[in-house]
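In: pasting the structure only:
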């Protein structure tokens, strides 16, 4: 936060930039730049010619002092006389806008704008992001919800990593200029480390982009150094004169163990397709053959377009190796290939190979395209395009995927895997947070056993989306170990980071999930216990709080005649409550889980009551594990059917009743254990 003169300040900034570290905020006073916008106080000044030395520097320093003394001021700009038509003025700003230039102005930040002497993290006051909306009693205290998630835009889990005993979650905050960084040693209490993987003015091989980093990954390279990877969300010019969406995959690698300083961009490989897509990458991994692999989210109708420098010399099956137009590109560029390109292109058209390329909706569905290299980066990196890894339009819903995959993930080595860690899972989020379970040999296609029950499904049936895994090893594909998944909830604003869930596989290769046991450290005192034996009119009621954990066990007929479940956020009369319900409307259909507000429905979410038996469509026992965090409810039924819902705002802070309903009759019995929970995040009291 120290400012020791203009020349010294500019020299420090230059050194930092040349070193390739994450840039500190320019504290100023700096001439030639402007923190433009967000003015709340504009004062016209009238400096005499005696102050004109060095572009009226003395007046600029008075403007800086004026800002420092105003408790509401985060940034300032001084406009000297005759620099524009508005005249000399001092502009105070109540947040930190983007710094622009070149300009004929002076600018800088107040010390209160940053959190420490590194000047790399904005304070909550000056971030420009609002607190969680609504009264205090609806704001989460267990879910991590930094202020930048309360602004608009996408909030994917852009990257996640466990590194040297610390879990790191990077969540997209494009309105704030980059990825928000949260760190934890226990998966419960999260430290806000600010935004350091952030937008830069990038120029490379004709690329021009000033956009925020898009959703990507965090991995660890061959030397054990964490690296964040992504493509820019947008650009005005693509590489080598290509389209604006022809943006390369890049890395920025950490220069400290806290993962708060990052290098300048390191370019991995160029990406050329016919249509603009997010092209979200999965986390690169080293497979059993020692090679690095990288996969990119695309669709089955937007094939990889090879430029002149990428034309193949030999195409063993030319129609499928690249698109017809790509072959024509190669013809024009006079590349040497196995057959004359023009005839191959004509043959492809006649065979119908090109009939579905480029257009959406895409009948083939979404796709992962695969690349391979001997190293992640450096002199040994030699990334080459391998081909399609997985293409499908199938989910468990009636709808079909008709365009690109979104924010894809890929992991294997899952606890409980009966194949010894060879089973792998692909996730993506178009048409719901889908997953596919299958196998993949080194660099080959991902193969799903479509006839096996549970090979396709949803991670969540409500607002949990754009999730990533972390765990014991950065290689989440080929190394066996813990797999913890964390997502963005809900798919809107205000947003939060979901609670952490452990993933595992059953002996029947069913994907299971449960809340991480570390959350149990928040339990306060012995549980409150309820039983259907005490039911009156099918209900058992108790009074708790707005932050609780619930574990319920139900025993019931395979197709009970009445709905049953757990309610929370109750007013004590049954007039208003939020229900986690099992309903079996027909003996011919599987039972359904419904999560909704009773008498004040709002959003209503439904999903199948999945069983732990791969061959069964019904069950006589149901387990519900749920967390209530003020207006957020997350619950998992039978370790398979999950819901994360938000904006379940009670009318008053007194709506703290919970209990069982639909029990004690119809052959339905139940027990419920409930705990009040301590706060964990969002400026609440932290443990010592």
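Out: Here it is on my side, so go on. Remember, it's a predicted structure, so these values are computed and weren't measured experimentally. Numbers count the residues shown, from 1 in each chain.
In: Quick check: pLDDT value at the nearest residue to residue 366 once chain neighbours are set aside.
Out: Closest residue to residue 366 apart from its sequence neighbours, by Cβ to Cβ, 6 or more residues apart in numbering: residue 405 at 3.7 Å. C-beta coordinates here come from the backbone N, C-alpha and C atoms, glycine included. What the model reports for residue 405 is a pLDDT of 95.
In: Specify the local secondary structure of residue 405.
Out: coil (DSSP: H, G, I helix; E, B strand; the rest coil).
In: wait, doesn't it sit right on residue 296?
Out: No. Residue 405 lies out of contact with residue 296 (Cβ atoms under 8 Å); the separation is 9.1 Å.
In: May I see the buried residues of the stretch of helix or strand residue 385 belongs to?
Out: Here residue 385 sits within strand 384-392, counting by DSSP states H and E. Counting neighbours by 16 or more other Cβ atoms under 10 Å, one finds that the buried residues in strand 384-392 are 385, 386, 387, 388, 389, 390, 391, 392.
In: Report the separation between the first one and residue 478.
Out: So the one you mean is residue 385. Using Cβ to Cβ, to the nearest Å, residue 385 is found at 21 Å from residue 478.
In: follow-up on the earlier one: just checking, next helix/strand downstream of the strand holding residue 385?
Out: Next along the chain after strand 384-392, taking DSSP H and E as the criterion, comes strand 409-412.
In: what packs against the biggest helix by length in the chain?
Out: The single longest helix within the chain, with elements called by DSSP state H, is helix 53-69. Here helix 53-69 touches strand 30-31, strand 75-79, strand 89-93, strand 106-109, going by 3 or more Cβ pairs under 8 Å, 6 or more residues apart in numbering; DSSP states H and E.
In: Any idea which of those gets closest to residue 441?
Out: Residue 441 lies closest to strand 106-109 among these, at 53.6 Å (Cβ to Cβ).
In: Now the residue nearest to residue 366: phi and psi?
Out: phi -60, psi 150 (degrees, to the nearest 10).
In: and if you look at residue 149?
Out: Here is the backbone geometry of residue 149 (degrees, to the nearest 10): phi -80, psi -10.
In: Okay, buried residues for stretch 208-216 please.
Out: Buried residues in stretch 208-216, counting neighbours by 16+ other Cβ under 10 Å, are found at 209, 211, 212, 213, 214, 215, 216.
In: can I assume residue 43 sits in a strand?
Out: Yes. Counting by three-state DSSP, residue 43 is found in a strand.
In: Run a quick neighbour tally on it.
Out: Using other Cβ atoms under 10 Å, residue 43 is surrounded by 11 other residues.
In: the strands in the stretch 201-350 of the chain, which residues?
Out: Secondary structure of the stretch 201-350 of the chain by DSSP state E, counting those that start in this stretch: the strands cover 202-204, 207-209, 217-220, 226-230, 249-253, 266-269, 285-286, 292-299.
In: okay, the angle between the longest one and strand 384-392?
Out: Think strand 292-299. With axes from the mean of the first three to the mean of the last three Cα atoms, to 10 degrees applied, the angle from strand 292-299 to strand 384-392 works out at 50 degrees.
In: what about strand 292-299, average pLDDT?
Out: The average pLDDT within strand 292-299 is 96.
In: Okay, strands next: where are they in the stretch 51-200 of the chain?
Out: Applying DSSP E, counting those that start in this stretch to the stretch 51-200 of the chain gives strands spanning 75-79, 89-93, 99-100, 106-109, 157-163, 166-173, 178-184, 191-198.
In: Any chance of those in a markdown table with mean neighbour count as columns?
Out: As requested, those are exported to a markdown table (neighbours: other Cβ atoms under 10 Å):
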| stretch | mean neighbour count |
| --- | --- |
| strand 75-79 | 28 |
| strand 89-93 | 23 |
| strand 99-100 | 17 |
| strand 106-109 | 29 |
| strand 157-163 | 26 |
| strand 166-173 | 25 |
| strand 178-184 | 23 |
| strand 191-198 | 22 |
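In: Mind telling me which of those strands the model trusts least?
Out: Comparing mean pLDDT over the strands of the stretch 51-200 of the chain, the weakest stretch is strand 99-100, at a mean of 80.
In: So which elements touch that strand?
Out: If contacts are counted by 3+ Cβ pairs under 8 Å, 6+ apart, strand 99-100 sits against strand 34-35.
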